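Enquirer: prediction below, plus the sequence it came from.
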Amino acid sequence: MTRTAYNDCIAIIVGAAMASLTVRNIGEDVKKRLRIRAARHGRSMEEEIRHILASTDSAVPAAHSRAEQDDSRQGQPGAPITGDHAPNAVSRAVGQGTSLAVSHILLVIGGGIAAYKSLDLIRRLKERGAALRVVVSKAAQEFVTPLSIGALAGERAFTDLFDTASEFDVGHIRLARDCDLVIVAPATADLMAKMAHGLADDLASAVLLATDKPILIAPAMNPAMWAHPATVRNLAHLVADGVAVIGPNAGEMAEAGESGFGRMAEPLEIADAAQLLLIHRNKDLPLAGKRVLVTSGPTHEPIDPVRYIANRSSGKQGHAIARAAADAGADVTLVSGPVTLPDPPGVKTIKIESARDMLSEVEQALPVDIAVFAAAVADWRVAEAGAQKIKKDAKGAPRLSLLENPDILATIAHRKTKRPRLVIGFAAETERVIEHAKAKLARKGCDWILANDVSAQSGVMGGDRNIIHVVTAKGVESWPSQTKDDAARMLVERIAAALGTDAL
Ligand code: C5P
């Protein structure tokens, strides 16, 4: 028998030879703390216990009890996040782009064919570190079994309003309140109607009526049901009540030959949306309450209806910055030229084609605290774009008369009113990178220039990695080669740090 750091809470672990572990007489509170700890570390409860055992042999007692304190508080909804997950430690929080660690999520599975996707959703939420409880409606049990859900969730699924197996009857009020977020996936037309009208005749609907936590629904139903005026009314009710909605997507239905809007959003999309909802409620995040504007992608300047002038740009770096800023709690507007990337979740994305349209959207988005101009704006546009396709004929190639486009970065950086507190531009250079960037900083009037080498041998253009040199009035900071996502997180870290000082 081995006594553990938890043994003040009567946890007794038998069989420390570790072929297998049996845990007896373990209190509910300890069990809960263990479960949360295990979820956070991506371990099974058994692995977590082994880990604790290994560490108790060598740990300094004072340090250990501090860690335990942090862990126990993290188990409580709304408790401040501390220790390894302290969001006020800017670098750590920003680094957790795909984490739901220390979040408690209640998943309500409604009765539709899409319920099978909820099994994958459970896995996606758990792999991001969420602690999960699952309620399976009666109708959902026709599609997925509580047994398989329980196995994936690591905890018995809840099915009945009045559970005679009292050991598990935590009651619908506790289920509804002991979480940070409720996800309803799939949200069937019936469940949405019940929610909109406050019905509570089974566990799923009772929990949804009793909860005071944010709710995210992922509707899934036949397109005709989705388009029905009753569903449209119910949806409007729910949105007015503050319920967040993800999807549905368009596509093939389970019913042969039917297609349209009604497919449940993909599990990854739902997990992303859940994460963003939680992020935006977390006032401790480094950019919470800040408004960020990002431009991204190329602009297309029409020559005629089928031809255009453009710079090469995938939009990867700009989109990554928008997402990293949203992950850090900012309210983000992304003004993007034509790209093949998906819109970053939780970001208000405005799509434009030309530089002049980009400028107009950027100006409309003001005031903002921070503006990052990552777009590869075309320098010139055709003075008079053809209304019809220009024909190839005997006169040879047409002569194009070009006009200079507005410089969006310089225009915003030189504004007398509504100038963002921090204006950041990019300099894509193929030679003498730093020298050109310094000149650009002065010319454009911005606060920072992120210079990168886009010469053919650098592989930056269109690739997934970037080497950035941050040029400011104070000097140059060169970052290592890293992914564009990591570079985006690093930038957000620097922005948060700069806003926290009087340097700006
Ligand atoms: O002058 P250059 O195109 O090298 O400047 C690059 C920086 O200026 C980038 O931040 C880019 O987004 C911005 N820019 C702009 N409007 C333009 C040209 C560049 O905002 N017309």
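Expert: Received the coordinates, thanks.
Enquirer: quick one: find the helix or strand in the chain with the lowest mean pLDDT.
Expert: The helix or strand of the chain with the poorest confidence is strand 12-14; it has a mean of 29 (mean pLDDT, DSSP states H and E).
Enquirer: quick one, grab the pLDDT at the spatially most distant residue from the centre of the chain.
Expert: The C-alpha centroid of the chain is most remote from Ala394, which lies 55.2 Å away (Cα atoms, centre = their mean). Ala394 carries a pLDDT value of 77.
Enquirer: for Gly78, same thing?
Expert: Gly78 is assigned 26 on the pLDDT scale.
Enquirer: same question for Gly500.
Expert: Looking at Gly500, its pLDDT reads 80.
Enquirer: same thing with Ala5?
Expert: 31.
Enquirer: then Arg421?
Expert: We have a pLDDT of 97 for Arg421.
Enquirer: count of neighbours near it?
Expert: By the criterion of other Cβ atoms under 10 Å, Arg421 has 15 neighbours. Every C-beta, even on glycine, is put in place using the N, C-alpha and C of the backbone.
Enquirer: which phi and psi does it have?
Expert: The phi/psi pair for Arg421 (degrees, to the nearest 10) reads phi -60, psi -30.
Enquirer: next: Ala185.
Expert: Main-chain dihedrals, Ala185, degrees, to the nearest 10: phi -150, psi 120.
Enquirer: ok, it to Ala114 distance?
Expert: Counting by Cβ to Cβ, to the nearest Å, the gap from Ala185 to Ala114 is 8 Å.
Enquirer: which residues are common contacts for those two?
Expert: Residues touching both Ala185 and Ala114 (Cβ atoms under 8 Å, 6 or more residues apart in numbering): Ala220, Met264.
Enquirer: where in the protein is pLDDT low?
Expert: Applying pLDDT under 70 to the chain flags the ranges 1-29, 32-33, 35-48, 50-99, 101, 163-170, 501-504.
Enquirer: what parts of it come near the ligand?
Expert: 295, 355, 373-375, 377, 405, 407-409, 425-427 (Cβ under 6 Å from any ligand atom).
Enquirer: narrow the residues you listed to those in helices?
Expert: Assigned to helices by DSSP state H, the following of the residues of the chain next to the ligand qualify: Ala355, Ile408, Leu409.
Enquirer: contacts only, for the spatially closest residue to the first one that is not a sequence neighbour.
Expert: In this structure, Ala355 finds its nearest non-sequential neighbour in Asn405, 3.9 Å apart by Cβ to Cβ, 6 or more residues apart in numbering. Residues near Asn405 by Cβ under 8 Å, 6+ apart: Thr299, Glu301, Ala355, Arg356, Val377, Ala378, Asp379, Trp380, Arg381.
Enquirer: farthest pair within the residues you listed?
Expert: Greatest spacing in these, by Cβ to Cβ: Arg356 and Asp379 (12.9 Å).
Enquirer: how close does Thr411 sit to Glu361?
Expert: Counting by Cβ to Cβ, the gap from Thr411 to Glu361 is 13 Å.
Enquirer: those two: who's more crowded?
Expert: Using other Cβ under 10 Å as the criterion, Thr411 and Glu361 rank with Glu361 on top: 19 against 14.
Enquirer: tell me which element the more buried one falls in.
Expert: For Glu361, the host element (DSSP states H and E) is helix 355-365.
Enquirer: repeat that for Gly463.
Expert: Going by DSSP H and E, Gly463 is not in any helix or strand.
Enquirer: I'd like to know how far Met192 sits from Ala210.
Expert: For Met192, the distance to Ala210 equals 17 Å [Cβ to Cβ].
Enquirer: ok, those two, which is more surrounded?
Expert: Met192 (26 against 16).
Enquirer: need the contact list for the more buried one.
Expert: Going by Cβ under 8 Å, 6+ apart, Met192 touches Ile217, Pro219, Thr231, Asn234, Leu235, Leu238.
Enquirer: narrow those residues to those in strands?
Expert: Applying DSSP state E to the contacts of Met192, the entries found in strands are Ile217, Pro219.
Enquirer: out of the contacts of Met192, who has the most neighbours?
Expert: Using other Cβ under 10 Å as the neighbour criterion, Pro219 leads those with 30 neighbours.
Enquirer: isn't that residue right up against Pro248?
Expert: Yes - because the distance of 4.9 Å satisfies Cβ atoms under 8 Å, Pro219 is recorded as touching Pro248.
Enquirer: tell me, what's touching these two both at once?
Expert: Each of Trp226, Gly262, Met264 lies in contact with both Pro219 and Pro248 under the rule Cβ under 8 Å, 6+ apart.
Enquirer: those residues, buried ones only, as a PyMOL selection?
Expert: To isolate the buried subset of those in PyMOL, counting by 16 or more other Cβ atoms under 10 Å, use the following:
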select buried, resi 226+262+264
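Enquirer: give me the subset of the shared contacts of Pro219 and Pro248 that lies in strands.
Expert: Gly262.
Enquirer: nearest to the ligand among the shared contacts of Pro219 and Pro248?
Expert: Taking Cβ to the nearest ligand atom as the measure, Met264 is the one of the shared contacts of Pro219 and Pro248 closest to the ligand, at 37.5 Å.
Enquirer: for Glu301, give the beta-bridge partners.
Expert: As for beta bridges, Glu301 partners with Ile309 under DSSP bridges.
Enquirer: how close does it get to Ala378?
Expert: Taking Cβ to Cβ, one finds Glu301 at 5 Å from Ala378.
Enquirer: give me the more crowded residue out of those two.
Expert: Per other Cβ under 10 Å, whichever of Glu301 and Ala378 has more neighbours is Glu301, with 24 against 21.
Enquirer: list the contacts for the more buried one?
Expert: Glu301 is in contact with Tyr308, Ile309, Ala310, Ser354, Ala355, Ala378, Trp380, Arg381, Val382, Ala385, Asn405, counting by Cβ under 8 Å, 6+ apart.
Enquirer: correct me, but the second one touches Val382?
Expert: Yes - assessed by Cβ under 8 Å, Ile309 is found in contact with Val382 at 6.9 Å.
Enquirer: overlap in contacts of the two?
Expert: Glu301, Ile303.
Enquirer: surely Leu208 is in a helix?
Expert: Yes - Leu208: assigned to a helix according to DSSP: H, G, I helix; E, B strand; the rest coil.
Enquirer: quick check on the nearest residue to it once chain neighbours are set aside: phi, psi?
Expert: The shortest distance from Leu208 to any non-neighbouring residue, by Cβ to Cβ, 6+ apart, is to Met195 (5.3 Å). With angles defined as degrees, to the nearest 10, Met195 sits at phi -60, psi -40.
Enquirer: what's the spacing between Met195 and the ligand?
Expert: Per Cβ to the nearest ligand atom, to the nearest Å, Met195 is found 44 Å from the ligand.
Enquirer: mind listing what's buried in the helix holding Glu361?
Expert: Of the residues in helix 355-365, Ala355, Asp357, Met358, Leu359, Glu361, Val362, Ala365 count as buried by neighbour count, 16+ other Cβ under 10 Å.
Enquirer: same for that helix, what does it pack against?
Expert: Secondary-structure packing of helix 355-365 (3 or more Cβ pairs under 8 Å, 6 or more residues apart in numbering; DSSP states H and E): strand 291-296, strand 331-336, helix 408-413.
Enquirer: residues contacting Asn249?
Expert: Phe261, Arg263, Met264, Ala265, Glu266.
Enquirer: which element is Leu285 on?
Expert: Under the criterion of DSSP H and E, Leu285 resides outside all helices and strands.
Enquirer: quick check: the residue of the stretch 201-350 of the chain nearest the ligand.
Expert: Closest point on the stretch 201-350 of the chain to the ligand, by Cβ to the nearest ligand atom, is Thr295, at 5.7 Å.
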